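Chemist: can you look at this prediction? I've put the sequence above it.
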Amino acid sequence: MISKLPLLQKELIEYAATKRLYILRILYGIVVYGAFLLYWSNLTKYSNIVQVLGSGKYLLRNIFHINIITIYLVLPIMSANIITAEKEKRTLLLILITRLGPSFILLEKFLSLVIFMFSFLIMSFPLIYVSYLLGGFTNAEVFLAIYIQLQTVVQIAVIGLLFSCCCRTFLKSLVATYIFTGVLYITLPIFFPLKYYYKKYPFSSWQVVDYTIPIWCLVIALLWIAQYFLRRYPLQRDQRSVPRRGDSSAAIIKTTIANISRPIVWREGTYDNWSLKTKIFFITGIIIGVGMMYNPTHHYRDKLVIIYFLALAIATLFLTIKSATLFQSEIKHQTWDVLLTTTMTTKEIYWQKVMVLTRFTVYLIILLSLYALSTVSASHISSYYQRFSLQKKWIYAITFTCVIFTCIQWSMTWLGLVLRKNPKIAMIAMSILTAWCILPIILARLLNTSSIVLLSPMSVFQGIIAGRIPNYRLVRYDPYIDRGFHFALLFFVIMTAVCFIMAYNSAQKHIRPNE
């Protein structure tokens, strides 16, 4: 059967021959079975087996959470690259002229993504069987968990496939996939599969299929739109190759020559040379930020917190990709060799590229500071649980924004210098950020301590908004709370310094290895 689907066969063979996918499977197995061993160690404290019965529902829920995080972390990167990789290798036109046609091309690419993702998730099925033996849930809950995972895989694969057909490069496709998914889930919760898992409905397991019909309709619609863009790809390619009317070589000559003592900064860092998307991003962000600062009352607290969190997530995504591809963009535009033949030293090339990135980071920090001040002002209520004053929360919020985004800039710059392939960079970068946000929270729960939780940026963000350490209950004026936040910010500063040194040393090794 699979021999009749040649493109699917080709994709599966390539997945089987890719080394990093085996590493991902090993890491996934370590995480899911490590979580099972930790859970099982908690069960061994009971001397009577009757006390263990009924605890399988917690194991099933933990496995479900790990699988969902894996889907949202790995699948967007794979799906966003599945068509753009053919575009960058210039093999998409050759595939389009075969007998397959756009419909079968999309179908086989889509099936390869689903099969690839379930090769991960199938490793957790033995643990689902163990949880079933422990009891505590019905067959309908097992069906619901597997069904929601399947629907999430299909939905994310189709969204990534759509933007892989629309966008020219992998990075644009990845950013569009994450942003579209987040906006879709927030504005239209009916298309959020996890909603049907957590919310209890008085219906059977088969009736949930009826309630999720809109999600399947969305999948079909997105596949049709992806087919439309794939059919138009040869026409768009021809239009890009035709020069526009009125273009001439004299039009690119400027009457005045600016001071180009720093040519890289002049080429990339000036506002006139910014792309239209970057300008729209900052202008829209400033408008929303100013609107948030206008009368931030308690009535809009939840909305402001959501907007602030989304702004942090989008800014982190943009800065991560821009930092990790700081030098890869020169290789992509085939200007790297030309840059190395100039009279600039390695240090000059590195610092000029970093100056452009630092300017972008400063703009992000200023923009997010508007969001932070508005959100903190709206969420501040004088009560027992608010252990910080409003002025102190302002200081913590601005300091947290500056330190975290500076740390992301240098760490991702180092990662982009060490690695060369964009999909590998994106996958490792997203894995590092996810582990940084989640692992301290898990360790804090396992070790039953609240101090480790502040090593997570997510917990610090929650603590600044709430005015206290998450899950920490003490008297109102406990000095440990201030010391905890000071320790967390100091830890982030040390991480930033270490990443800065690593990035600088890597630049000396990788920009001009023989210098």
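Modeler: Yep, it's here.
Chemist: quick check: mean pLDDT across the longest helix anywhere in the chain?
Modeler: Assignment by DSSP state H gives helix 346-379 as the longest helix of the chain. Averaging pLDDT along helix 346-379 yields 81.
Chemist: equivalent analysis for stretch 5-25, please.
Modeler: 82.
Chemist: that stretch: which residues count as buried?
Modeler: Buried residues in stretch 5-25, counted by 16 or more other CB atoms under 10 Å: 5, 7-8, 11-12, 15, 21, 24. (C-beta placed from N, C-alpha, C; glycine too.)
Chemist: ends of it, what's the gap?
Modeler: 25 Å (CA to CA, to the nearest Å).
Chemist: which residue sits closest to residue 189, ignoring its sequence neighbours?
Modeler: residue 195 (5.7 Å; CB to CB, 6 or more residues apart in numbering).
Chemist: so that neighbour sits against residue 188, correct?
Modeler: No - Residue 195 is beyond contact range of residue 188, at 10.6 Å (criterion: CB atoms under 8 Å).
Chemist: same drill for these two, tell me which one is more crowded.
Modeler: residue 195 (15 against 11; other CB atoms under 10 Å).
Chemist: where do the helices sit along the stretch 1-150 of the chain?
Modeler: 6-17, 19-43, 56-81, 84-88, 92-96, 101-121, 125-134, 139-166 (DSSP state H, counting those that start in this stretch).
Chemist: and the longest one, how far out from the chain's middle?
Modeler: Taking the mean C-alpha point of helix 139-166 and that of its whole chain, the gap between them comes to 17 Å (CA atoms, centre = their mean, to the nearest Å).
Chemist: which strands and helices sit next to it?
Modeler: helix 56-81, helix 101-121, helix 125-134, helix 170-187, helix 195-198, helix 207-211, helix 213-241 (3 or more CB pairs under 8 Å, 6 or more residues apart in numbering; DSSP states H and E).
Chemist: now do the first one
Modeler: Packing contacts for helix 6-17, counted by 3+ CB pairs under 8 Å, 6+ apart, involve helix 101-121.
Chemist: I'd say residue 131 and residue 57 touch.
Modeler: Yes - counting by CB under 8 Å, residue 131 touches residue 57, with 7.4 Å between them.
Chemist: mind listing the shared neighbours of those two?
Modeler: Shared contacts of residue 131 and residue 57 (CB atoms under 8 Å, 6 or more residues apart in numbering): residue 137.
Chemist: between these two, which one's more packed in?
Modeler: residue 131 (26 against 15).
Chemist: ok, now how distant is the more buried one from residue 125?
Modeler: To residue 125, residue 131 is 11 Å away according to CB to CB, to the nearest Å.
Chemist: ditto for residue 72
Modeler: 20 Å.
Chemist: check residue 185 too.
Modeler: According to CB to CB, residue 185 stands 27 Å off from residue 125.
Chemist: neighbour count: these two, which is higher?
Modeler: residue 185 (15 against 11).
Chemist: is it true that the more buried one touches residue 179?
Modeler: No - with contacts counted by CB under 8 Å, residue 185 stays clear of residue 179, the gap being 11.2 Å.
Chemist: what stretches of the stretch 151-300 of the chain score poorly on pLDDT?
Modeler: 199-206, 235-300 (pLDDT under 70).
Chemist: no, scratch that, I was asking about the stretch 401-515 of the chain
Modeler: In the stretch 401-515 of the chain (pLDDT under 70), the answer is 446-451, 467-482, 512-515.
Chemist: what segments of it are strands?
Modeler: Under the criterion DSSP state E, counting those that start in this stretch, the stretch 401-515 of the chain carries no strands.
Chemist: quick one: residue 102 and residue 234 touch, right?
Modeler: No - applying CB under 8 Å, one finds residue 102 not in contact with residue 234, separated by 10.5 Å.
Chemist: report the set of residues contacting both of those two.
Modeler: With CB under 8 Å, 6+ apart, residue 102 and residue 234 have common neighbours residue 96.
Chemist: report the central residue of the protein.
Modeler: What sits nearest the mean C-alpha location of the chain, by CA atoms, centre = their mean, is residue 430, with 5.3 Å.
Chemist: contacts for stretch 399-415, please.
Modeler: Looking at what lies outside stretch 399-415 - CB under 8 Å, 6+ apart - the contacts are 315-316, 319-320, 323-324, 326, 354, 357-358, 361, 364-365, 368-369, 372, 425, 428-429, 432-433, 457, 460-461, 464, 489, 492-493, 495-496, 499-500, 502-503, 506.
Chemist: now do stretch 69-82
Modeler: With CB under 8 Å, 6+ apart as the contact definition, stretch 69-82 has outside contacts at 11, 24, 28, 109, 112-113, 116-117, 120-121, 149, 152-153, 156-161, 163-164, 170, 173-174, 176-178, 181, 422-423, 426-427, 430-431, 434, 438.
Chemist: quick one: buried residues of that stretch?
Modeler: Of the residues in stretch 69-82, those buried (16+ other CB under 10 Å) are 70-71, 73-82.
Chemist: stretch 172-183 now?
Modeler: Buried residues in stretch 172-183 (16+ other CB under 10 Å): 172-179, 181.
Chemist: same check, this time on stretch 436-456
Modeler: Neighbour-count burial for stretch 436-456 [16+ other CB under 10 Å]: 436-437, 440-441, 444, 450-456.
Chemist: among the contacts of stretch 399-415, the buried ones, what's the PyMOL command?
Modeler: In PyMOL, a selection of the buried entries from the contacts of stretch 399-415 looks like this (16+ other CB under 10 Å):
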select buried, resi 315+316+319+320+323+324+326+354+357+361+364+365+368+369+372+425+428+429+433+457+460+461+464+489+492+495+496+499+500+502+503+506
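Chemist: tell me how far residue 459 lies from residue 43.
Modeler: 27 Å.
Chemist: neighbour count: the two, which is higher?
Modeler: Just comparing residue 459 and residue 43: by other CB under 10 Å the higher neighbour count belongs to residue 459, 21 against 14.
Chemist: what's the distance between the nearest residue to that one once chain neighbours are set aside and residue 197?
Modeler: Distance criterion CB to CB, 6+ apart; nearest residue to residue 459, sequence neighbours excluded, is residue 453 at 4.6 Å. Separation of residue 453 from residue 197 (CB to CB): 26 Å.
Chemist: could you do residue 24 as well?
Modeler: 24 Å.
Chemist: now swap in residue 65 and tell me
Modeler: Applying CB to CB to residue 65 and residue 197 gives a distance of 10 Å.
Chemist: quick one, which of the two is more surrounded?
Modeler: Taking other CB under 10 Å, residue 65 and residue 197 do not tie; residue 197 has more neighbours (20 against 13).
Chemist: in contact with the more buried one, which residues?
Modeler: 64, 144-145, 148.
Chemist: quick one on the thing from earlier: relative to residue 97, which of the buried residues of stretch 69-82 is nearest.
Modeler: Closest approach between those and residue 97, by CB to CB: residue 82, at 18.9 Å.
Chemist: for residue 91, phi and psi?
Modeler: phi -110, psi 0 (degrees, to the nearest 10).
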